[in-house]
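Student: Provided below for reference: sequence and predicted model.
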Amino acid sequence: MTQPVFIALQTTDTGRSIVDAIVADNPLAQAVEYPAMVKIDSPGRLVVKRGSVEERLGRRWDVQEIHLDLISLAGNIDETDEEFSLQWRKA
Amino acid sequence: MQVDIKTSDIRPIRQTFSQVARRIGGDKPASRYQEATLNLQAETNFHYRPLWQPEFELYDKGRTAIVMADWYAFKDPRHYYYGAYTTARARQQEGADKQFEFAEKRNVLGSLEAATAESLRQVLVPLRHYEWGANMNNTYCAAYGWGTALTQACTFAAMDRLGIAQYISRIGLLLDGNVGSGLEAAKREWLEDPAWQGVRRVMENLFVTKDVFEVLLAQNLVFDGLVYPLVHRHYEQSIDLRAGQALAMLTTFISDWYDETSRWVDATVKTAADESAANKELLSQWYGAHRDEMVRALEPLATLALGTDTGASALHQVRGELDARAAKLGIKV
């Protein structure tokens, strides 16, 4: 069974755009709203793509900016200039 | 004693304003851009019609022949509302100020050859009057256009043009050692030099053009689409060979701004063209007429800036690029 990963983001103006982008790019992901926070669970893998976030924000967005809205996450991180992805690496 | 920390989930009664909710399909969180844009245009309860134009309401969709079912279909791809716009520009201004400070300290423009400095005075500095004209035209669109989605972006464009005029003036002042004689000479060029009279005539004709969308298209797509690449790309590149990038450093904001604003202009024109065949027809007609007239007006300026042969070929190339850009927006060229 694949282990689920998750990412929790603050519900800010930017945060909401990131959540929208994640939900659009990861068909299996499920967003759950908490007070001032959105937690997104996804089985196996979850990816945040720079292009999708930029489209929603209407400006350039550096993948590293995700840390401004990030609360918590679970999974091994893989970061490039283009995307930020989470998955559990096999030991 | 045991202390239990409980969390309680307090939900806001409403996620956004009802006029925004009606547009985005229900009560869900809206972005700042949406909240500062959608349905903000005043529509009813105007007591009087304007005395100078009794056939129109104070804010009236009829001030352009372009017909839109929904004037909020115009989306700014940059998502600029007051907050985002001022933050972005403040950051850019800080960068530009640093470059001017550096240029002043090292006297980078003062050490230019006399012929290069004179060329800048004749070709670049008079553009401050062009920028002021563009400010007037965008202000006109903001004042008489309909719908916040369109008019707020025009207001931002108008402010940007004043800023660019100021940067050009500062280049003029760097050239003449802060006495202002360069700016006065540039004004005489703009008013009297034959090379500038075509541009001035077209600009002044735009001041008395009544149709809001025609002014927007003519100024922001056609006129800028020819002047910016011609002067800020072709001419400045030719100067760079002699000025060693000094000028490019001072005009970074101008070229960055042009690339950024083109995204908005393209999105706006495309939205209008996609709306109906009638709009497309009208836009194509305006585009063709203004392009021909503006290319003619720019011929002597291109010669002044780049010499007869290079000037003509640069203008030809710029015109071709503009046609390709317009064709992508749905305009028949």
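Tutor: Noted; the coordinates are in hand.

Student: which residue packs closest to the residue of chain A found nearest chain B, ignoring adjacent ones?
Tutor: Per CB to the nearest CB, A:G58 is where chain A lies closest to chain B, at 3.2 Å. C-betas here are computed from N, CA, C, even on glycine. Excluding its sequence neighbours, the residue lying closest to A:G58 (CB to CB, 6 or more residues apart in numbering or on different chains) is B:H79, at 3.2 Å.

Student: give me phi/psi at the one you found?
Tutor: Taking degrees, to the nearest 10, you get phi 50, psi 40 for the backbone angles of B:H79.

Student: which pLDDT value goes with it?
Tutor: For B:H79, the model assigns a pLDDT of 92.

Student: wouldn't the residue of chain A closest to chain B be in contact with B:Y85 here?
Tutor: No: using CB atoms under 8 Å, A:G58 is not in contact with B:Y85, being 11.2 Å away.

Student: geometric centre of chain A: which residue is closest?
Tutor: For chain A, A:V48 is the residue whose C-alpha lies nearest the centre (CA atoms, centre = their mean; 4.8 Å).

Student: residues touching the closest residue to chain A within the stretch 1-150 of chain B, list them.
Tutor: Among all residues of the stretch 1-150 of chain B, B:H79 sits closest to chain A, at 3.2 Å; criterion: CB to the nearest CB. Applying CB atoms under 8 Å, 6 or more residues apart in numbering or on different chains to B:H79 gives the contacts A:57-59, B:31, B:33.

Student: sort out for me which of the residues you listed are in helices.
Tutor: Counting by DSSP state H, those place A:57, B:33 in helices.

Student: of all the contacts of B:H79, which two lie farthest apart?
Tutor: Pairwise distances across the contacts of B:H79 peak at 11.9 Å for A:R59 and B:S31 (criterion: CB to CB).

Student: what about the residue lying closest to A:T80 once chain neighbours are set aside, how many neighbours?
Tutor: Once flanking residues are discounted, A:T80 sits nearest to A:V63: 7.4 Å by CB to CB, 6+ apart. Residues lying near A:V63 (other CB atoms under 10 Å in any protein chain shown) number 16.

Student: check B:S238 too.
Tutor: By other CB under 10 Å, 17 other residues sit near B:S238.

Student: secondary structure element for it?
Tutor: B:S238 is part of helix B:236-243, with elements assigned from DSSP states H and E.

Student: tell me which helix or strand comes right after that helix.
Tutor: Of the helices and strands lying after helix B:236-243 in sequence (DSSP H and E), the nearest is helix B:246-250.

Student: next up, phi/psi of A:L46, please.
Tutor: phi -140, psi 130.

Student: so it bridges to which residues?
Tutor: Beta-bridge partners recorded for A:L46 (DSSP bridges): A:L86.

Student: list the contacts for it?
Tutor: A:L46 is in contact with A:5-7, A:22, A:26, A:29, A:40, A:75, A:85-87, counting by CB under 8 Å, 6+ apart.

Student: make CSV out of those residues and add pLDDT, neighbour count and secondary structure.
Tutor: Output for the contacts of A:L46, formatted as CSV (pLDDT from 0 to 100; neighbours: other CB atoms under 10 Å in any protein chain shown; DSSP: H, G, I helix; E, B strand; the rest coil):
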residue, pLDDT, neighbour count, secondary structure
A:V5, 95, 22, strand
A:F6, 95, 17, strand
A:I7, 96, 26, strand
A:I22, 96, 23, helix
A:N26, 95, 20, coil
A:A29, 95, 21, coil
A:I40, 96, 22, strand
A:G75, 94, 19, coil
A:S85, 95, 18, strand
A:L86, 95, 21, strand
A:Q87, 93, 17, strand
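
Student: which one of A:R59 and B:S31 is surrounded by more residues?
Tutor: Ranked by neighbour count (other CB under 10 Å), A:R59 and B:S31 place B:S31 first, with 22 against 16.

Student: count the residues that sit near the closest residue to the more buried one other than its chain neighbours.
Tutor: Ranked by CB to CB, 6+ apart and with sequence neighbours excluded, the top spatial neighbour of B:S31 is A:D13, at 5.8 Å. A count of neighbours around A:D13, defined by other CB under 10 Å, yields 17.
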